[in-house]
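Asks: The following block contains a protein sequence and its predicted model.
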Amino acid sequence: MQTIRFTPYILRGYDWIFLKIQPRDMKNKQADNITMSGCGLYSLATRGAKDVIDMAIPRVIAAVESMNLDQPQKNFVLSDTGCADGGTSLELMRSVIARVQQLAPGIHTTIIYVDQPANDFNALVNIVHGNTQFKTWLDEFENVYPLVSATSFYLQCVPATCLDLGFSATAMHWLSRKPGNISDHVHMVGASGEEYKSFARQARQDWQTLLQCRARELKPGGKMVLVNFCRDQAGRYLGNTGGVNMFDTFNHIWQEFLHSGRISEPEYQNMTLPQYYRTAAEFAEPLTDPNNSCHQAGLRLDSMETGVVPCPFAQQFKMDGDAVKFADGLIPTIRSWNQSIFAAGLDQRRPPAERAQIMEDYYRAYYRRVLDNPTGHGMDYVHAYMTISRA
């Protein structure tokens, strides 16, 4: 397994704006609180997540090219599982559709977008159908049909042996349940002892469940490319690649709020994020152990590599030294994926306006840290890129 380092495009200008929907040319389970920002804001904010997916395109195309699509086949079915609003994967889908149609002219392609019921499917539909500022692929090809499945990826999302190709990026680190709170941190990367072990056990069980569901969905000979947050061989993970540790910053600010009396001890405990960043060995184990039920279901690990995609906002700051622009880009990105969990940790007996103000003050505190001392801040993405086959 090799380690690669990606260099994404440099972001030139960033506007934190609301999604503009316009007419087309006239031609409490814990999981219930896990939602990405809606109204298309997730894709507008998470430029780095798009970089991660774009870097996976050659791997996905290689998977397509290994499928012998020159043989007679009327339909090709692929999924984007954990799709959020679909904006970050538009270029990948465009590339896959183009290659499939090159290999099998006239073939019909179905794309199934999958996410949990609380996802903003209105934004997804408008983005895919070209009713936003995102450039869709839908008008570029014939015989392509987008569908939606509002189903957790901890369940089987499509009929058995339906998929030729499965894809998922930056999603499967979310656990099906939080196994407990971490007493002195907000994330498993800061946990130790039995608290860490409880997250590791839950993550192992969840990875088994995820893979077993995907095994049922894939056709024999089908492929999937999974791109997941990881802890790499050097111990790096999201927001911790040599500078200021992002998760420690989350924790420090909440501890400041706790010690000042702004939040209570139970509220601080409830801030624990239901996530786990697996190692390469943890990803590989169910796919390489002949005694594992996932291996026995036919899943095989074709290849895996880890990669670091630098934070685009930190990269831009290195070029222009504009700390305000840096903070204006980084904080909405951070907020887009953790606000729902942190907000749910606050005592629901507090008035809504009070809870909202606490959240505003929390992100403002992070913003001020970046503005006052920007060097070292950022959110580099550390992922494991896997190609998996169903034998």
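Replies: Done, it's in.
Asks: Where does pLDDT dip in the stretch 1-150 of the chain?
Replies: Counting by pLDDT under 70, the stretch 1-150 of the chain contains low-confidence ranges at 1-46.
Asks: Tell me where it has strands.
Replies: 3-5, 75-81, 108-115, 144-150 (DSSP state E, counting those that start in this stretch).
Asks: so can I have CSV of those strands showing mean neighbour count and distance to residue 347?
Replies: From N, CA and C alone the C-beta is placed, and that goes for glycine too. Listed next are those as CSV, based on neighbours: other CB atoms under 10 Å; distance: least, CB to CB, whole Å:
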stretch, mean neighbour count, distance to residue 347
strand 3-5, 11, 43
strand 75-81, 23, 34
strand 108-115, 22, 29
strand 144-150, 16, 30
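Asks: Mind checking those for the one nearest to residue 52?
Replies: Judged by CB to CB, the one of the strands of the stretch 1-150 of the chain that comes nearest to residue 52 is strand 3-5, at 12.3 Å.
Asks: circling back: need the strands of the stretch 1-150 of the chain in CSV with distance to residue 279, can you?
Replies: Formatted as CSV, these follow (distance: least, CB to CB, whole Å):
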stretch, distance to residue 279
strand 3-5, 13
strand 75-81, 22
strand 108-115, 26
strand 144-150, 30
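Asks: Looking at those, which is nearest to residue 65?
Replies: In terms of CB to CB, the element of the strands of the stretch 1-150 of the chain nearest to residue 65 is strand 75-81, at 12.8 Å.
Asks: Quick one: residues in contact with stretch 171-183.
Replies: When contacts are defined by CB atoms under 8 Å, 6 or more residues apart in numbering, stretch 171-183 is touched by residues 29-31, 34, 81-82, 152-154, 188, 190-191, 195, 198-199, 201-203, 206-207, 209-210, 226, 228-229, 269-270, 272, 274-278.
Asks: 6 Å instead?
Replies: Applying CB atoms under 6 Å, 6 or more residues apart in numbering, the external contacts of stretch 171-183 come out as 30, 34, 82, 154, 191, 195, 198-199, 202, 206, 210, 228-229, 269, 272, 274-277.
Asks: if you look at those, which of them are in helices?
Replies: Residues of the contacts of stretch 171-183 located in helices (DSSP state H): 195, 198-199, 202, 206, 210, 269.
Asks: Compare the residues you listed and tell me which is most surrounded.
Replies: residue 199 (23 neighbours; other CB atoms under 10 Å).
Asks: Which residues are in contact with that one?
Replies: 179, 188, 276.
Asks: mind checking how far the last one is from residue 172?
Replies: Right, residue 276. 10 Å (CB to CB, to the nearest Å).
Asks: same thing with residue 91?
Replies: 21 Å.
Asks: Looking at the two, which one has more neighbours?
Replies: Neighbours per residue (other CB under 10 Å) separate residue 91 from residue 172, with residue 172 holding more: 24 against 15.
Asks: List the buried residues in stretch 332-352.
Replies: Residues 332-346 are the ones in stretch 332-352 that count as buried (16 or more other CB atoms under 10 Å).
Asks: what's the closest of the residues you listed to residue 312?
Replies: Nearest member of the buried residues of stretch 332-352 to residue 312, counting by CB to CB, is residue 333, at 8.9 Å.
Asks: how about that closest one, phi and psi?
Replies: The phi and psi torsions at residue 333 (degrees, to the nearest 10) take the values phi -60, psi -50.
Asks: ok so, going back, inside helices: which ones of the buried residues of stretch 332-352?
Replies: 332-345.
Asks: May I ask which of those comes out lowest in pLDDT?
Replies: pLDDT across these is lowest for residue 336, at 87.
Asks: now the helices for the stretch 251-391 of the chain?
Replies: Taking DSSP state H, counting those that start in this stretch to define them, one finds helices in the stretch 251-391 of the chain at 265-270, 280-288, 293-296, 312-320, 323-345, 352-372.
Asks: out of those helices, which comes closest to residue 245?
Replies: Across these, closest to residue 245 is helix 352-372 (CB to CB), at 12.2 Å.
Asks: And that closest one, what's buried?
Replies: Buried residues in helix 352-372, counted by 16+ other CB under 10 Å: 355, 358, 362-363, 366-367, 369-370.
Asks: follow-up on the earlier one: for residue 390, which of the strands of the stretch 1-150 of the chain is the nearest?
Replies: It's strand 75-81; of the strands of the stretch 1-150 of the chain, that one is closest to residue 390 (CB to CB) at 13.6 Å.
Asks: Partner strands of the closest one and their direction?
Replies: strand 108-115 (parallel), strand 163-169 (parallel) (DSSP bridges).
Asks: related to what we said a few turns ago, between the ones in helices among the buried residues of stretch 332-352, which is nearest residue 132?
Replies: residue 336 (16.4 Å).
Asks: Distance check, the closest one against residue 363.
Replies: For residue 336 relative to residue 363 (CB to CB), the value is 11 Å.
Asks: swap in residue 111?
Replies: 34 Å.
Asks: ok, the spatially most central residue of the chain to residue 312 distance?
Replies: What sits nearest the mean C-alpha location of the chain, by CA atoms, centre = their mean, is residue 170, with 2.3 Å. Separation of residue 170 from residue 312 (CB to CB): 15 Å.
Asks: if I pick the nearest residue to residue 317 once chain neighbours are set aside, what's in contact with it?
Replies: Of all residues not flanking residue 317 in the chain, residue 326 sits nearest, at 4.0 Å (CB to CB, 6 or more residues apart in numbering). Each residue near residue 326 by CB under 6 Å, 6+ apart is listed here: 313, 317, 374.
Asks: And the pLDDT at residue 326?
Replies: The model's pLDDT for residue 326 equals 97.
Asks: distance of it from residue 238?
Replies: 18 Å.
Asks: The residue nearest to the centre of the chain contacts residue 49, correct?
Replies: Yes - counting by CB atoms under 6 Å, residue 170 does reach residue 49; the two are 5.4 Å apart.
Asks: what's the overlap in contacts for the two?
Replies: By CB under 6 Å, 6+ apart, residue 170 and residue 49 have no common neighbours.
Asks: Kind regards, and thank you for your time.
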